[in-house]
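In: Coordinates only, no sequence provided:
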């Protein structure tokens, strides 16, 4: 089950003439997910021909305005267009209250229900799952409570090896047991090893999003178990401004790359760039010293992942 990620906004704190505040659009299986919703997010969705009406999940990392101020306009527009399907928003405590004040004083009567789910600041937490997708939140370290997110495809069961001679002679009940990675014991007591009859399925794909945080090596190591295909990590500053990064609870491009290395991510995507940088190539060069497969999160760029990548 491949995912497709489109960058909508990649500026930190304040927009520039060619960079908007944080927002990403993730299609993961049957789900259309908005990750953060900075100013002009809905304009960016239209600009790149993306279907905002199909968004069913929104995750908000933290309550600094550059990560959620586009939300009131988006939910209002969806209502004006006649949306009926519910919208699920996973967010820090306080956002629901902020939104309800907007609804109250703007006399907004939405045409669809919104279900708010408050994030917990207690380690990794499964916040959403269905038959194909898990979404896990985990706290990072910023000036206000802030979370990262793992979007993890469900692990497929093992496959019966069809190249074996006469696999159809296997007992019917053995198939489901083998696919779970377990041995089958027949009525006669004979044990059949699942490794003799099955092969591994495609590994699940995984996208991980981390913004607005100090460099956290212990978190990177804890995420290694997810086999991350693509990691987005903020890279607000170059290393010559590491003191400023520390003071503002942000990361440098070099630290983003080190996080990717420790987490075992196959590819790194850096963003949340300070408005002081008109030329982003030095940030890319700094990160690529550690992780050659590093890319800039440029608005309108689309990143795809497929099994076996």
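Out: Received it, and whenever you're ready, just let me know what you need. Fair warning: this is a prediction, and the values are worked out from it, not measured in the lab.

In: Helices of the stretch 51-200 of the chain, start to end?
Out: Secondary structure of the stretch 51-200 of the chain (DSSP state H, counting those that start in this stretch): helices at 71-80, 95-105, 172-179.

In: Pick the most deeply packed of these.
Out: helix 71-80 (a mean of 18; mean count of other Cβ atoms under 10 Å). In short, each C-beta sits where N, CA and C put it, glycine included.

In: how about the helices of the stretch 51-200 of the chain, which one is nearest residue 185?
Out: helix 172-179 (9.0 Å; Cβ to Cβ).

In: Now do that closest one: which elements does it pack against?
Out: strand 159-160, strand 184-185 (3 or more Cβ pairs under 8 Å, 6 or more residues apart in numbering; DSSP states H and E).

In: about what we covered before: rebuild the helices of the stretch 51-200 of the chain as JSON lines, extending it with mean pLDDT and distance to residue 8.
Out: Below are the helices of the stretch 51-200 of the chain laid out as JSON lines (pLDDT from 0 to 100; distance: least, Cβ to Cβ, whole Å):
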{"stretch": "helix 71-80", "mean pLDDT": "97", "distance to residue 8": "11"}
{"stretch": "helix 95-105", "mean pLDDT": "96", "distance to residue 8": "19"}
{"stretch": "helix 172-179", "mean pLDDT": "82", "distance to residue 8": "39"}
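
In: so which of those comes closest to residue 150?
Out: Nearest to residue 150 among the helices of the stretch 51-200 of the chain is helix 95-105; the distance by Cβ to Cβ comes to 20.5 Å.

In: ok, residues contacting stretch 268-275?
Out: The contact list for stretch 268-275 (Cβ atoms under 8 Å, 6 or more residues apart in numbering) reads 7, 10-16, 19, 22, 211-212, 230-237, 250, 253, 256-257, 260, 280, 283-284, 287, 291, 293-297, 303.

In: List only those of these flagged as buried.
Out: Neighbour counting with 16 or more other Cβ atoms under 10 Å marks 7, 10-13, 15, 19, 22, 211-212, 230-237, 250, 253, 256-257, 260, 280, 283, 287, 291, 294-297, 303 as buried within these.

In: about what we covered before: take the contacts of stretch 268-275 and keep only those in strands.
Out: The members of the contacts of stretch 268-275 that map onto strands under DSSP state E are 7, 230, 231, 232, 233, 234, 294, 295, 296, 303.

In: So what's the gap between stretch 18-32 and the chain middle?
Out: 9 Å (Cα atoms, centre = their mean, to the nearest Å).

In: tell me the mean pLDDT over it?
Out: The average of the pLDDT scores along stretch 18-32 is 96.

In: got it, and stretch 210-218?
Out: 98.

In: and that stretch, how far apart are its ends?
Out: 14 Å (Cα to Cα, to the nearest Å).

In: Which positions in that stretch come out as buried?
Out: Buried, per 16+ other Cβ under 10 Å, within stretch 210-218: 210, 211, 212, 213, 214, 215, 216.

In: closest to residue 93 among the residues you listed?
Out: Once Cβ to Cβ is applied, the member of the buried residues of stretch 210-218 that ends up nearest residue 93 is residue 212, at 16.7 Å.

In: From residue 149, how far out is the residue nearest to the closest one when sequence neighbours are not counted?
Out: Leaving aside its chain neighbours, residue 212 sits nearest to residue 142 (4.5 Å; criterion: Cβ to Cβ, 6 or more residues apart in numbering). As defined by Cβ to Cβ, to the nearest Å, residue 142 lies at a distance of 14 Å from residue 149.

In: So these two - more neighbours on which side?
Out: Per other Cβ atoms under 10 Å, whichever of residue 142 and residue 149 has more neighbours is residue 149, with 26 against 19.

In: So in terms of bridging, what pairs with the more buried one?
Out: residue 137, residue 209 (DSSP bridges).

In: How about the contacts made by it?
Out: Contacts of residue 149 (Cβ under 8 Å, 6+ apart): 35, 59, 61, 135, 136, 137, 138, 208, 209.

In: Retrieve the pLDDT associated with it.
Out: 98.

In: where's it relative to residue 57, distance?
Out: Counting by Cβ to Cβ - residue 149 and residue 57 are separated by 10 Å.

In: Give the residues shared as contacts by those two.
Out: residue 135.

In: So, low pLDDT: which residues of the stretch 51-200 of the chain?
Out: Along the stretch 51-200 of the chain, segments meeting pLDDT under 70 span 165-168.
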